[in-house]
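Colleague: Mind folding the following:
(2 chains)
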Number of protein chains: 2
Amino acid sequence: MEPHFTKIKGGVGAPLGFLTSAVSCGIKNPDATRLDLALILSESPCVSAGTFTTNRVKAAPVKLTQAHLRRGEIRAIIANSGNANACTGVVGIRDAKAMCQKVAKELSLNASEVGVCSTGVIGLPMPMSRIEPKIPALAQALAPKQGHDVAAAIITSDTHPKEVAISLDIDGHKVRIGGCVKGAGMISPSMATMLCFITTDAHITSDCLRKATLESVENSFNRITIDGDMSTNDTVLVLANGRSGMPLIRRNSQACKMFRAGLQYVMLELAKAVVRDGERVTKFVTVEVKGARTYLDAKKVAEAVSKSALVKSSWNGGDPNWGRIIHAVGYSRARIREELVDIFLNGKAACLGGLQATTPMDDLRTIAAKPEFTVEIHLNQGEANYTMYTSDLSPEYIDFNRSEYAYWKQARKDGLI
Amino acid sequence: MEPHFTKIKGGVGAPLGFLTSAVSCGIKNPDATRLDLALILSESPCVSAGTFTTNRVKAAPVKLTQAHLRRGEIRAIIANSGNANACTGVVGIRDAKAMCQKVAKELSLNASEVGVCSTGVIGLPMPMSRIEPKIPALAQALAPKQGHDVAAAIITSDTHPKEVAISLDIDGHKVRIGGCVKGAGMISPSMATMLCFITTDAHITSDCLRKATLESVENSFNRITIDGDMSTNDTVLVLANGRSGMPLIRRNSQACKMFRAGLQYVMLELAKAVVRDGERVTKFVTVEVKGARTYLDAKKVAEAVSKSALVKSSWNGGDPNWGRIIHAVGYSRARIREELVDIFLNGKAACLGGLQATTPMDDLRTIAAKPEFTVEIHLNQGEANYTMYTSDLSPEYIDFNRSEYAYWKQARKDGLI
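Modeller: As a prediction, the model looks like this:
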């Protein structure tokens, strides 16, 4: 039975029993009034799962939240934008702990029941004198809303908040899954640089939730790339509070499969939204590799093509340049045979057997000029497939990322460094 | 004894006994008059060595020249710019063979004594009707010159020809090594996308020349990166004709070491020239990784930093952003400990023990604003070092690479596709 999802309003506030709030602290700029501190709370105890950056340089909140998850279940999440609290040493750990402790005190929880996430500039201490005083008001503002406030407070260079929520039927019970995501640059596989929070009122074992989370991240956030960079702060947290009133979902059950399908759908929608909102991105490109000898070969080809600066530059120019695509296929280290490679744009052959196909060039150019298209690469050597979602690389991306110096200047003015 | 090199005039024509020539065929554009077909000949038999792209998609001339080198020694090289003869199937092999055969006939050589190299657009058949008729004139024009004509004929998006020549003293005999290189985009380790031809009048065994070539390429062209892409056509060819009149250089001798030092010097100078002339590059950055646990760890860190789009974007903006550098260190998959990492710009500390150093920020900014600077990364975990040479990534690079469509249009007009 194929699972059926219905999109519903909202994000992390859509499932039953979750409260959200957000306030403005002026973390990045003391004079700004935008939301930059958010809180999510499950009204009742819940189970939780997370995946984190594999960067060896891990931000303080990542280390602390990992420790909290090892100790037990997380029930609340505090998150800020504007400062990543990364490369901040013992001071950073102290600050992340202080954020959890203050939230725990306000909500009568243990500090280890609170997860903390930060995103923003690396290497600057957190402006705690601006954050801590706002936490009581943040806790008081908690209310059953759809979660737009959280989605809005965590964004940085994103052009808009990104959230999605669905309901699905599992064994006759209605279950809701909602999520929001932040991230627009520093996006790369394993894993996309971003914060993602997912809530659900499904009733599920901790064990089953953890497995579903790992698998869903592998099939969503680990399949997107914008600039090939990987951040110090990547975090996906999933909270499940069982408030839907359904029977417990156990591992390896049909219900578990259906839940996982729903979770993966939500994550994939959010992951795609991240690529579409990538820094100065003008194209959303799906790279489908088919017929590889192994899954790993397919993955290597998809990643090489999706990350090639030259391929991405040509997409920016609307150029259906299959020569650059096959050259990336060639250096991917996958086992490929040039004379077997076929490349299609939206189903039209650009290259057959490693050679120029006869499709009129203007047809291919029309496809490459579209804001979204699919590049299919058939290696014709086996049965393994892999799909990635990527973007072009624009001159504006580089312009946009040329300097963070102004923030550092501000931090010195604030006496932080 | 440290070897002593004296720079001398010219490039591949500087060593004794080498003749060069170049003509214009209008390969890319029938109406253009720029040089695009070059020839190098050793007047007497010589030994030869080569290294080639590791891309699995190899251009026809690469496959053919590899085969010729396996069969024996190469004594002449024909090279063209404007068309890579890559992804051209059996037609491409036939065309590459025809070029060698025609040259061999004119020079009374075997076809397998001729190496062939092509660079330019991928996927288009060679305009042989414009190339073949020019080969007799090319052969007739051969003369003892410095080699500027070859350096000029092989460039594509390079802003200027790049060549270097030195003389050195080996056991009391004067030996000359000269070279030219082409390449400005698609540059990445193993190896830099480019054509490089080196000639020398050293008297050396084939065995020793091969080893010296492999080691020198590893320490030069494999250490540069511009855009992280790797081409289908990369070729380094080295010809040694013994015309200096010195005694034979044998493997593992002191003379062999000195020759290798000279060869490596020439290759490194050419490799750096490629980075400096990188497509729309505004910075030349040396990334020195020190104190890694192993050579491989040091290499991983150097490559991750040198290839990060975000790090390169910040350099374009003159931003000394050490946060982005350490985040690339972290995702390099090398074994590093964040709290031990020190980062210096031109010797000034930007980050000590994973934290912001106290160097005044404007001092660091002044360094990052320079056209050339050195980033030293001390991992403080061992004794292994690795150095790479890289560039910034500019909005203009992407603009420049947005479309090759015009060439394809021209090719269709020419009836080639």
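Colleague: Low-confidence stretches in the stretch 201-350 of chain A?
Modeller: A:226-231 (pLDDT under 70).
Colleague: quick one: buried residues of the lengthiest helix in chain A?
Modeller: Secondary structure of chain A per DSSP state H: the longest helix is helix A:254-276. Of all the residues in helix A:254-276, those buried under the rule 16 or more other C-beta atoms under 10 Å in any protein chain shown are A:255-256, A:258-276. The C-beta positions use only the backbone N, C-alpha and C, and glycine is treated the same way.
Colleague: repeat for stretch A:95-110
Modeller: A:95-100, A:102-104, A:106-107, A:109.
Colleague: Identify, from those residues, the entry nearest to residue B:330.
Modeller: Taking C-beta to C-beta as the measure, residue B:330 lies nearest residue A:96 of the buried residues of stretch A:95-110, at 17.6 Å.
Colleague: what sits against the closest one?
Modeller: A:60-61, A:63-64, A:85, A:116, A:118 (C-beta atoms under 8 Å, 6 or more residues apart in numbering or on different chains).
Colleague: could I get the buried residues of stretch A:95-110 as a markdown table with secondary structure, distance to residue A:348 and pLDDT?
Modeller: Below are those laid out as a markdown table (DSSP: H, G, I helix; E, B strand; the rest coil; distance: C-beta to C-beta, whole Å; pLDDT from 0 to 100):
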| residue | secondary structure | distance to residue A:348 | pLDDT |
| --- | --- | --- | --- |
| A:95 | helix | 54 | 98 |
| A:96 | helix | 51 | 98 |
| A:97 | helix | 56 | 98 |
| A:98 | helix | 57 | 98 |
| A:99 | helix | 53 | 98 |
| A:100 | helix | 54 | 98 |
| A:102 | helix | 58 | 98 |
| A:103 | helix | 54 | 98 |
| A:104 | helix | 58 | 98 |
| A:106 | helix | 58 | 98 |
| A:107 | helix | 56 | 98 |
| A:109 | coil | 57 | 98 |
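Colleague: Of the contacts of residue A:96, keep whichever come out buried.
Modeller: A:60-61, A:64, A:85, A:116, A:118.
Colleague: could you dump those residues to CSV with secondary structure, distance to chain B and pLDDT?
Modeller: Shown next, in CSV, are those (DSSP: H, G, I helix; E, B strand; the rest coil; distance: C-beta to the nearest C-beta, whole Å; pLDDT from 0 to 100):
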residue, secondary structure, distance to chain B, pLDDT
A:60, helix, 11, 95
A:61, helix, 14, 96
A:64, helix, 15, 97
A:85, coil, 12, 92
A:116, strand, 18, 98
A:118, strand, 13, 94
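Colleague: any idea where the helices of the stretch 101-250 of chain A begin and end?
Modeller: With DSSP state H, counting those that start in this stretch applied, the stretch 101-250 of chain A shows helices at A:128-131, A:135-140, A:148-153, A:206-218, listed in chain order.
Colleague: What would whatever helix or strand comes next after the longest helix of chain A look like as CSV? C-alpha coordinates only.
Modeller: Later in the chain than helix A:254-276, the nearest helix or strand by DSSP states H and E is strand A:284-292. The C-alpha trace of strand A:284-292 is given here as CSV (Å, rounded to 0.1, in the frame of the first residue of the first chain):
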residue,chain,number,x,y,z
PHE,A,284,17.0,23.7,-9.5
VAL,A,285,18.5,20.7,-11.2
THR,A,286,17.7,17.0,-10.5
VAL,A,287,20.6,14.8,-11.4
GLU,A,288,19.5,11.2,-11.8
VAL,A,289,22.2,8.6,-12.3
LYS,A,290,21.0,5.2,-13.6
GLY,A,291,22.5,1.9,-14.5
ALA,A,292,25.7,2.1,-12.3
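Colleague: What is the following helix or strand past strand A:284-292 packed up against?
Modeller: Remark: after strand A:284-292, the chain's next helix or strand is helix A:295-307, criterion DSSP H and E. Helix A:295-307 sits against strand A:224-225, strand A:284-292, helix A:322-331, strand A:372-378, strand A:384-391, with contacts defined as 3 or more C-beta pairs under 8 Å, 6 or more residues apart in numbering or on different chains; DSSP states H and E.
Colleague: what does the longest one rub up against?
Modeller: Put plainly, it is helix A:322-331. A:301, A:304-305, A:308, A:310-311, A:314, A:336, A:338, A:341, A:343, A:350-351, A:354, A:356, A:375, A:377, A:379, B:54-58, B:86-87, B:121-123, B:186, B:188, B:229-232, B:404.
Colleague: filter these to the buried ones?
Modeller: Buried, going by 16+ other C-beta under 10 Å: A:301, A:304-305, A:308, A:310-311, A:314, A:336, A:338, A:341, A:343, A:350-351, A:354, A:356, A:375, A:377, A:379, B:55-58, B:86-87, B:121-123, B:186, B:188, B:229-232, B:404, out of those.
Colleague: Could you pick out which of these are located in strands?
Modeller: Members of the buried ones among the contacts of helix A:322-331 lying in strands (criterion: DSSP state E): A:343, A:350-351, A:356, A:375, A:377, B:121.
Colleague: Measure how buried residue A:312 is and give me the count.
Modeller: 29 (other C-beta atoms under 10 Å in any protein chain shown).
Colleague: and what of residue A:360?
Modeller: As a measure of burial, residue A:360 has 11 neighbours, counting by other C-beta under 10 Å.
Colleague: Then residue A:415?
Modeller: 9.
Colleague: In a helix, it, correct?
Modeller: No: per DSSP: H, G, I helix; E, B strand; the rest coil, residue A:415 lies outside any helix segment and is coil.
Colleague: So it versus chain B, what's the distance?
Modeller: 13 Å (C-beta to the nearest C-beta, to the nearest Å).
Colleague: Kindly export the one helix or strand residue A:65 maps to (C-alpha atoms) in CSV.
Modeller: For residue A:65, the element it lies in under DSSP H and E is helix A:60-71. This file holds the C-alpha atoms of helix A:60-71, laid out as CSV (Å, rounded to 0.1, in the frame of the first residue of the first chain):
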residue,chain,number,x,y,z
ALA,A,60,29.4,24.0,20.9
PRO,A,61,25.6,23.6,20.6
VAL,A,62,26.2,20.5,18.4
LYS,A,63,28.4,18.9,21.0
LEU,A,64,26.0,19.7,23.8
THR,A,65,22.9,18.6,22.0
GLN,A,66,24.6,15.3,21.1
ALA,A,67,25.4,14.8,24.7
HIS,A,68,21.8,15.5,25.8
LEU,A,69,20.5,13.0,23.2
ARG,A,70,22.9,10.4,24.5
ARG,A,71,21.6,11.0,28.0
